[in-house]
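> predicted coordinates and the sequence they were generated for:
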Amino acid sequence: MRVILNPRHAAHSPPHEVDNGTLTPPCDVPGRLAAIRAALGRRSGFTFEDAPPIAEGAVTALHDPAYVAYLREASAGLRPGQAVYPSVFPYGPAPRVRGGKALRGAYCFDTFTPITAGTFAAALGGAAAAVRAADLIAAGERAVYVLTRPPGHHAERDRCGGYSYLNNAALAADRLSRLGKVAVLDLDVHHGNGTQHLFYDRADVLTASIHGDPARLFPYFSGFDDETGTGPGLGFNRNFPLPPVTDRDYDPVLAAAVELVGRFRPAFLVVAFGADAHADDPIGGFALPTEYFGEMGAAVRRLGLPTAVVQEGGYNLDVLGGCVAAFLESLAADG
Ligand code: SP5
Ligand code: ZN
């Protein structure tokens, strides 16, 4: 399987995140990518290549150009080691955004997702990798894996959050949607709010997400099962919120989500893949064993669709690579 790397990922290495008013160690660290790459390198069948660069215009098809310019300019204005966080968020019936700290809160929905000097370069490199994977799938590859960070599935049209800045999986799906219907299956333990938001009114891209119940897990404000789309997109978004489960209770939900994808008859599949539903993940709270990620890969393989797998979360460096390898090896297996 071809693995498309984000050559600029390490430029984004936030010094910390803010949780409940406290500086905590960052979850999304460069070592995540290194751990996955090492695990795949120990197995046969994976080849690695850097994504060729893309122009900003490739992401402003989906993201707000003013938001993308904000990310670029905010990154450019920082020295190495500096990090910018929102302190104030939009409020009231007609919030006005004229600069300064209003911009930070207008373009970001949490305090986990700082902008640093290298953030824009890293985010654009990840988008480039996703675009490259989409083009390879369109050209006939059966399965391609995007090995990138920072993640993307929490990024909305004009807002970063959840360690995500540009929505890599959504960019791949949008690109493929010019050629046929696309399904996005989100297996990260957190709701893919950004992807849902970007395609909420569209019938040509089905979005389905299995995740921890937002009543108790990030991103808290979305991911409930009555969010099903709007306008022409009504019925083309589906959420499968779960309590913290083991593989036994996850499995029938995975089967239902995969069946939903199959019934949609997409030409292409994009999997937003997270390993943060693993039992040992520090923030997910779920209880899946490493081997179960192989079952997930097998379920996706049985759909028989050209598939781009995009890396999202997964924060235990000791188990992350094994989960990814198990998923991809099952996805690529014959039969
Ligand atoms: C892509 C993805 O999985 N994003 C998840 C974002 C969840 N952020 C909430 C984390 C709050 C926990 N803070 C503890 C910091 C330890 N690194
Ligand atoms: Zn996650």
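In hand now; what should we look at? All values derive from a computational prediction rather than experimental measurement. Ligands and ions are numbered 1, 2, ... in the order given.
> show the average pLDDT along stretch 317-328.
Mean per-residue pLDDT for stretch 317-328: 98.
> close to ligand 1, is it?
No: using C-beta under 6 Å from any ligand atom, stretch 317-328 stays clear of ligand 1, coming no nearer than 11.6 Å. To be clear about C-beta, it is placed using only N, CA and C from the backbone, and glycine gets the same treatment.
> could you dump that stretch to CSV, C-alpha only?
The C-alpha coordinates for stretch 317-328 follow below in CSV (Å, rounded to 0.1, in the frame of the first residue of the first chain):
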residue,chain,number,x,y,z
LEU,A,317,2.6,6.1,21.2
ASP,A,318,3.0,2.5,22.4
VAL,A,319,-0.1,1.1,20.7
LEU,A,320,-0.8,3.6,17.9
GLY,A,321,1.4,2.0,15.3
GLY,A,322,0.0,-1.5,16.0
CYS,A,323,-3.5,-0.3,15.5
VAL,A,324,-2.8,1.4,12.2
ALA,A,325,-0.8,-1.6,10.9
ALA,A,326,-3.6,-4.0,11.9
PHE,A,327,-6.2,-1.8,10.2
LEU,A,328,-4.3,-1.3,7.0
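> buried residues in it?
Under the neighbour-count criterion of 16 or more other C-beta atoms under 10 Å, stretch 317-328 has Val319, Leu320, Gly321, Gly322, Cys323, Val324, Ala325, Ala326, Phe327, Leu328 buried.
> which secondary structure elements does the lengthiest helix in the chain contact?
Across the chain, the longest stretch assigned as helix under DSSP state H is helix 119-138. Here helix 119-138 touches strand 2-5, helix 65-76, strand 143-147, helix 168-176, strand 268-273, strand 307-311, going by 3 or more C-beta pairs under 8 Å, 6 or more residues apart in numbering; DSSP states H and E.
> mind listing what the third one pairs with, with the direction of each?
Meaning strand 143-147. Using DSSP bridges, the strands paired with strand 143-147 are strand 2-5 (parallel), strand 307-311 (parallel).
> out of the ones you listed, which one sits most buried?
Among those, strand 307-311 has the highest mean neighbour count (mean count of other C-beta atoms under 10 Å), at a mean of 30.
> any residues touching the following helix or strand past that strand, and which ones?
In the C-terminal direction, the helix or strand that comes right after strand 307-311 (DSSP states H and E) is helix 320-332. Residues outside helix 320-332 that contact it (C-beta atoms under 8 Å, 6 or more residues apart in numbering): 1, 32, 35-40, 42-43, 45-46, 142-143, 145, 273, 275, 278, 290-291, 293-298, 300-301, 307, 309, 311, 314.
> the residues you listed, buried ones only, as a ChimeraX selection?
Only the buried entries of those go into this ChimeraX selection, using 16+ other C-beta under 10 Å:
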select :1,32,35,36,37,39,40,46,143,145,273,275,278,290,293,294,295,296,297,298,300,301,307,309,311,314
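> which ones among the contacts of helix 320-332 lie within strands?
Counting by DSSP state E, the contacts of helix 320-332 place Ala143, Tyr145, Phe273, Thr307, Val309, Gln311 in strands.
> tell me what the first one is bridged to.
I take that to be Ala143. Residues in beta-bridge contact with Ala143 (DSSP bridges): Thr307.
> now swap in the last one and tell me
According to DSSP bridges, Phe273 are recorded as the beta-bridge partners of Gln311.
> can you redo the buried residues of stretch 317-328 as TSV with distance to Leu198?
Listed next are the buried residues of stretch 317-328 as TSV, based on distance: C-beta to C-beta, whole Å:
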residue	distance to Leu198
Val319	30
Leu320	26
Gly321	29
Gly322	31
Cys323	26
Val324	24
Ala325	29
Ala326	29
Phe327	24
Leu328	25
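> tell me the one of those residues nearest ligand 1?
Using C-beta to the nearest ligand atom, Leu320 comes nearest to ligand 1 of the buried residues of stretch 317-328, at 11.6 Å.
> OK, contacts around Val258?
For Val258, the contacting residues are Leu185, Ala299, Val300, Arg302, Leu303, by C-beta under 8 Å, 6+ apart.
> ugh, wrong one, Ala183
With C-beta under 8 Å, 6+ apart, Ala183 has these contacts: Val205, Leu206, Thr207, Ala208, Val261, Phe264, Pro266, Phe268, Leu269, Val270, Leu305.
> in strands, which of those appear?
Cross-referencing these against strands under DSSP E gives Val205, Leu206, Thr207, Ala208, Phe268, Leu269, Val270.
> can I assume the first one is in contact with Phe236?
Yes: proximity of Val205 to Phe236 meets the contact threshold set by C-beta atoms under 8 Å, at 7.2 Å.
> okay, those two: which has more neighbours?
Between Val205 and Phe236, counting by other C-beta atoms under 10 Å, Val205 is the more crowded of the two (25 against 22).
> could you count how many residues lie near the closest residue to ligand 1 within the chain?
Residue nearest to ligand 1 within the chain: Gly313 (2.5 Å; C-beta to the nearest ligand atom). Neighbourhood size, Gly313 [other C-beta under 10 Å]: 30.
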